[in-house]
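1. Dropping the sequence and predicted coords here.
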Amino acid sequence: METLNVESDDVLKRLLHEAFDTQIPNFGSYNLVAAAGSSGSAGLKVIGFRREPAELILCPLNPADLCPTERAVSVNNTNVSHVALVLDGGYEVGTSTGRVYRFNVPGRLSLNVPSADENTPSTSGILLQEDDAQEFADFMNEFMDRLDPTIKP
């Protein structure tokens, strides 16, 4: 099977949006970033985030077909146990159920998504999300500040 190299990241972003949309019906109110996980649900995930109400949606995906590897998890003020910036520049998010997710949101992420149809080439390329990764970092700083009782709004 031949591989199609995508010069633009538009196709990859569309595929990730579609993967998120299959799990979250009100997807329009979230900004999305792709993340590489190292614990919890290691591997690729799409993370939806919004400021009001402050919330993260973690959607673990199989990088081979972008199908969910488990149900999406909502993390907000009602179920978050902790949020931390870790030494490698990534994040750790824990829920009140004891689940912990550790992930990085890189500015560039290399993806190769095989086609479901063997007659269609796979999609590969670099997902460019520098601005989105910075917006996510700003969101996470605000989210951590909200959870810290020593910081006054």
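-> Arrived safely.

2. Mind giving me the packing neighbours of the longest helix belonging to the chain?
-> Selection of the longest helix in the chain by residue count, based on DSSP state H, yields helix 130-147. Contact analysis of helix 130-147 by 3 or more C-beta pairs under 8 Å, 6 or more residues apart in numbering; DSSP states H and E lists strand 31-39, strand 43-50, strand 80-85 as its packing neighbours. For every residue, glycine as well, the C-beta is placed using N, CA and C.

3. Could you give the average pLDDT over that helix?
-> Along helix 130-147, the predicted confidence averages to a pLDDT of 92.

4. So what angle separates the directions of that helix and strand 31-39?
-> In this structure, helix 130-147 runs at an angle of 70 degrees to strand 31-39, with axes from the mean of the first three to the mean of the last three C-alpha atoms, to 10 degrees as the basis.

5. Can you give the contact residues for helix 130-147?
-> Helix 130-147 is touched from outside by 31-33, 47, 49, 51, 54, 56, 77, 80, 82-85, 91, 105-108, 151, 153, with contacts defined as C-beta atoms under 8 Å, 6 or more residues apart in numbering.

6. Low-confidence stretches in the protein?
-> Low-confidence regions of the chain, defined by pLDDT under 70, span residues 1-8, 26-28, 39-42, 114-122, 148-153.

7. show me the residues around the closest residue to residue 100 other than its chain neighbours that make contact.
-> Nearest non-adjacent residue to residue 100, counting by C-beta to C-beta, 6 or more residues apart in numbering: residue 94, 4.6 Å away. With contacts defined as C-beta under 8 Å, 6+ apart, residue 94 is in contact with 80-83, 100-101.

8. what's the spacing between residue 94 and residue 106?
-> Applying C-beta to C-beta, to the nearest Å, the value for residue 94 to residue 106 is 22 Å.

9. What strand or helix carries residue 65?
-> Secondary structure assigned from DSSP states H and E places residue 65 in neither a helix nor a strand.

10. pretty sure it is in contact with residue 113, am I right?
-> Yes: judged on C-beta atoms under 8 Å, residue 65 makes contact with residue 113 at a distance of 7.4 Å.
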